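J.: have a look at this prediction, sequence included:
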Amino acid sequence: MCKLMKKGLFVVAFMLLVAGLVGCDAEEMVENGVEEVAEEEAVDISVACSAEWVERDDGMHPFQEHYGFEFDEVVNVELGLTYSAVNQGDALVGVGDATEGRIIKYDLAILEDDKDFFPAYNAAPTVRQEVLEAHPEIEELMREISSRLDLETQTELNLRTAIDEEDPKDVARDFLEEEGLLTGETVDDAGEVTVSSKTFAEALTQGWMTYYLLEDRGFEVNNEIGLGEVAIIRPALEHGEIDIYWEYTGTGLMNVMGYEGEELPEGEEETFQEIHDYDKAENGIKWLDYAPANNTFVLFVTEETQTKYGWETLSDLAEFANQ
């Protein structure tokens with residue numbers, strides 16, 4: 001018998017005793033007590049997530065094992081709809097990306113991954129080593145961008161592109177201008193560089209930041225922005241068809257190094273260093289400094305839910321579920 005049920009039966013028994021002593025309507029008190037216990041027991045921990053997350057090596061099943069609880073119900077939706085599902089009350093908890101603009105739009109609260117289950121997914125420019133040897137200035141220029149992309153900044157940029165439907169080109173240029181990075185100070189011997197990116201809003205914005213900054217400093221920039229996802233863009237980098245694009249450290253571990261269900265490095269710096277050292281030695285590709293924004297998976301709830309139950313961490317959620 002669960003602790004909550006035992007507690008409920010004790011409350012009802014106690015109310016019967018009190019009713020007998022003070023002459024109250026015992027039947028009414030028992031009904032109210034049972035209703036209160038039933039209401040207390042009626043909290044199901046439902047989670048809105050994509051079908052992919054359920055099956056991933058770093059997805060639902062190993063997550064539940066890691067934190068020691070199970071969801072009562074799984075609501076399968078497309079990844080971009082998990083935020084609205086939680087906002088509308090279709091699920092109590094949602095799974096999504098840390099830098100998703102809808103987290104701001106719907107005032108959702110992220111629960112801290114206090115047991116470090118999810119791998120780090122910090123975005124970083126990846127560049128062919130021979131391009132850096134010819135134009136070492138690129139490393140410092142990219143650092144000017146990456147160092148400014150903390151979680152709050154990247155999420156705000158994503159809100160503008162993915163939610164407000166602003167053109168990533170415009171968002172990228174606005175960012176560079178607001179940060180004072182478009183100075184027109186050309187570098188010596190600026191040459192030709194082919195810039196690319198993946199196809200989703202965050203990647204497109206980072207691609208255009210790279211394009212505009214290099215162009216501003218005198219480089220002849222070839223545009224391959226929006227080329228494709230990992231299966232297309234990564235071989236293009238390895239074969240010299242493009243020179244630079246932004247990739248995620250966790251994606252590097254999974255897709256480049258082939259981690260599958262193995263114990264992943266803990267922490268952002270450890271994850272970065274692992275893929276940095278491997279890619280430089282094996283493929284002649286250098287990972288430049290990563291952005292502070294960690295676009296890993298997160299679990300979130302409404303601010304109302306967080307306030308009601310006092311959940312700050314995923315361990316808080318697990319403790320509640322196990323009661």
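T.: That came through fine.

J.: so who does residue 77 touch?
T.: Going by C-beta atoms under 8 Å, 6 or more residues apart in numbering, residue 77 touches 48, 49, 50, 85. C-beta here means a position set from N, CA and C on the backbone, and glycine is covered the same way.

J.: ok, now how distant is the last one from residue 68?
T.: Counting by C-beta to C-beta, to the nearest Å, the separation of residue 85 from residue 68 is 25 Å.

J.: pick out whichever of those two has more residues nearby.
T.: Here residue 85 and residue 68 are set side by side on neighbour count (other C-beta atoms under 10 Å), and the busier one is residue 85, at 22 against 12.

J.: and that one, that one's in a strand?
T.: No - Residue 85 sits outside any strand when classified using DSSP: H, G, I helix; E, B strand; the rest coil, being helix.

J.: ignoring the adjacent residues along the chain, who's closest to it?
T.: Using C-beta to C-beta, 6 or more residues apart in numbering and skipping residues adjacent in sequence, the residue nearest residue 85 is residue 48, 3.8 Å away.

J.: which other residues reach stretch 151-164?
T.: Outside stretch 151-164, the residues touching it (C-beta under 8 Å, 6+ apart) are 98-105, 149, 166-168, 171, 175, 201-202, 204-205, 291-295.

J.: rerun that using 6 Å as the cut-off
T.: With C-beta atoms under 6 Å, 6 or more residues apart in numbering as the test, stretch 151-164 has contacts from 99, 101, 104, 105, 166, 168, 171, 201, 202, 205, 293.

J.: buried subset of the contacts of residue 77 as a ChimeraX selection?
T.: Selecting only the buried entries of the contacts of residue 77 in ChimeraX, with 16 or more other C-beta atoms under 10 Å as the criterion:
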select :48,49,50,85
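
J.: can you put the contacts of residue 77 in CSV and add distance to residue 247 and secondary structure?
T.: As requested, the contacts of residue 77 are exported to CSV (distance: C-beta to C-beta, whole Å; DSSP: H, G, I helix; E, B strand; the rest coil):
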residue, distance to residue 247, secondary structure
48, 28, strand
49, 24, strand
50, 21, coil
85, 29, helix
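
J.: looking at the contacts of residue 77, spot the one nearest residue 258.
T.: The shortest separation between residue 258 and any of the contacts of residue 77 is 22.6 Å, and it belongs to residue 50 (by C-beta to C-beta).
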